[in-house]
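*Asks:* next comes the sequence, and after it the predicted model I'd like to discuss.
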Amino acid sequence: MSIQTESRQALRELIALLQEADERWAGPEWNLASADDVAGAHRALMHMLEGGLVGMFESDPAHPQFRSIVTPSRKFTGDNADAIYFDAPVSADHVYTVRGDMDGAVYVSITLETGTADGSLGSQTAGVINDTMFDVDAAGNFEIRLGGTPAARNWLALPAGVSRITTRHYYEEARTAADDPARGPRLAITADDVRAPPAPAGDADVAGGIRRVAQFVRSRTLLQPPMTQREPPAFLSLVPNQFVAPVPPGDMGLAAFDAYYSMAPFFLGPDQALVMTGRWPDCRFANVSLWNRFQQTLDYANRSVSLNRRQTQHEADGSFRIVLAHRDPGCPNWLDTEGHAFGLVFWRYFLPAGPVETPRGPPRPPESLPRG
């Protein structure tokens with residue numbers, strides 16, 4: 001007979017969760033109708049499992065460590081080819097110092113989230129500081145305090161219930177930063193009021209880590225209703241190929257306070273293309289990305305699936321014309337759908353200095369491309 005432990009029970013719970021996600025989330029209940037849909041769900045599920053193991057299995061707010069959230073091969077909850085994200089556990093019970101560098105980013109934002117201590121998807125953004133609110137030296141280094149004595153700059157309060165810090169470095173370069181080995185901010189976080197090392201992990205600690213991993217996966221799959229069964233945020237259009245006016249996301253979980261977003265599904269036939277026109281605003285950062293139905297960016301390491309302002313070729317009047325198509329249409333600013341008939345187009349704009357123009361899809365059905 002096997003030795004019965006809490007960790008063994010937690011592992012069995014994780015296995016049962018994966019089975020339930022396979023049976024329900026990767027199927028018709030979540031509007032999946034083909035073998036390719038199911039394979040995509042299983043791929044997304046494995047990425048989430050890896051994300052939970054990396055970020056949540058070992059998670060101690062008294063001894064935090066920054067870990068990369070997403071990579072070119074680990075994607076979930078709306079990643080971004082032009083951004084590098086890190087996070088770490090925190091608690092209002094401690095006081096922290098964060099040290100980092102800009103790494104050539106055009107914009108750096110740091111947020112605090114609540115509701116993540118058990119592995120859940122963040123329920124609310126509880127604080128934000130960006131590089132206009134902290135000092136950066138000539139070498140690009142900065143230092144921020146979390147909690148403790150308030151200060152006008154270089155400081156964030158830690159409200160009750162805070163459980164995670166997320167850092168966001170945004171780049172506008174010819175090569176997508178998330179796939180550039182030359183890019184990678186240096187970040188460290190220490191709990192200044194903690195001196196003792198952590199105790200060795202016991203049965204309850206391992207069980208707790210496994211359960212956080214399970215909740216990380218559950219909150220991003222079975223606890224997320226299908227898109228058609230949830231109240232959409234104000235920046236999401238439910239009409240394929242048509243965008244709503246970009247708006248701030250508010251304090252919804254994992255949102256960036258400083259952003260304006262606009263998102264819509266795309267839907268294209270085999271020989272169709274979506275031509276999107278508009279004008280980038282005066283802001284600190286802007287880009288457009290393609291996601292699959294599971295909110296994973298498409299393959300930015302090998303294909304053109306996103307564009308920032310530097311990568312965009314502009315018209316003579318400064319506007320842009322971006323073409324979303326299944327194959328190369330032979331014109332600038334092609335976004336490659338990878339052959340997916342359905343997906344999501346997501347626009348991001350940070351710290352705009354004035355009005356943000358709504359991207360325009362065609363007022364008619366998408367254009368047809370010639371074969372050949």
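*Replies:* Yep, it's here. In this text, all values refer to a predicted model and were calculated from it rather than measured experimentally.
*Asks:* low-confidence stretches in the stretch 251-372 of the chain?
*Replies:* By pLDDT under 70, the weakly predicted segments of the stretch 251-372 of the chain are 251-257, 363-365, 367, 369-372.
*Asks:* so which residues of the stretch 201-350 of the chain form strands?
*Replies:* 259-267, 272-278, 285-291, 306-308, 320-325, 334-336, 342-350 (DSSP state E, counting those that start in this stretch).
*Asks:* now the helices for the stretch 201-350 of the chain?
*Replies:* Here the stretch 201-350 of the chain has its helices, by DSSP state H, counting those that start in this stretch, at 203-220.
*Asks:* element containing the nearest residue to Ala157 once chain neighbours are set aside?
*Replies:* Nearest non-adjacent residue to Ala157, counting by CB to CB, 6 or more residues apart in numbering: Gly127, 6.3 Å away. The way it works is simple: take the backbone N, C-alpha and C, and place the C-beta from them, glycine included. Using DSSP states H and E, the element containing Gly127 is strand 124-130.
*Asks:* now that strand, how far from the chain's geometric center?
*Replies:* Computed by CA atoms, centre = their mean, to the nearest Å, the separation of strand 124-130 from the middle of its chain amounts to 15 Å.
*Asks:* report the angle between the axes of that strand and strand 342-350?
*Replies:* 50 degrees (axes from the mean of the first three to the mean of the last three CA atoms, to 10 degrees).
*Asks:* show me what the residue nearest to Ala157 is bridged to.
*Replies:* Leu112 (DSSP bridges).
*Asks:* check contacts around it.
*Replies:* By CB atoms under 8 Å, 6 or more residues apart in numbering, the contact set of Gly127 is 111-112, 156-159, 162.
*Asks:* format those as JSON lines; extra columns: secondary structure and pLDDT.
*Replies:* Output for these, formatted as JSON lines (DSSP: H, G, I helix; E, B strand; the rest coil; pLDDT from 0 to 100):
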{"residue": "Thr111", "secondary structure": "strand", "pLDDT": "94"}
{"residue": "Leu112", "secondary structure": "strand", "pLDDT": "96"}
{"residue": "Leu156", "secondary structure": "strand", "pLDDT": "97"}
{"residue": "Ala157", "secondary structure": "coil", "pLDDT": "98"}
{"residue": "Leu158", "secondary structure": "coil", "pLDDT": "98"}
{"residue": "Pro159", "secondary structure": "coil", "pLDDT": "97"}
{"residue": "Val162", "secondary structure": "strand", "pLDDT": "97"}
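*Asks:* before we move on, the earlier item: do you know which of the strands of the stretch 201-350 of the chain lies nearest Arg183?
*Replies:* strand 306-308 (13.3 Å; CB to CB).
*Asks:* list the buried residues for the closest one?
*Replies:* Under the neighbour-count criterion of 16 or more other CB atoms under 10 Å, strand 306-308 has 306-308 buried.
*Asks:* summarise which helices and strands that strand is packed against.
*Replies:* Applying 3 or more CB pairs under 8 Å, 6 or more residues apart in numbering; DSSP states H and E, one finds that strand 306-308 makes contact with strand 285-291.
*Asks:* now do the strand it packs on: which elements does it pack against?
*Replies:* Applying 3+ CB pairs under 8 Å, 6+ apart, one finds that strand 285-291 contacts strand 306-308, strand 334-336, strand 342-350.
*Asks:* just the residues contacting it, thanks.
*Replies:* Taking CB under 8 Å, 6+ apart as the rule, strand 285-291 contacts 78, 80-82, 106-107, 170, 172, 266, 276, 280, 297-298, 305-309, 322, 324, 335-337, 343-351, 359.
*Asks:* same thing but 6 Å
*Replies:* Under the criterion CB atoms under 6 Å, 6 or more residues apart in numbering, residues 82, 106-107, 170, 280, 297-298, 305-309, 335, 343-344, 346-350 lie in contact with strand 285-291.
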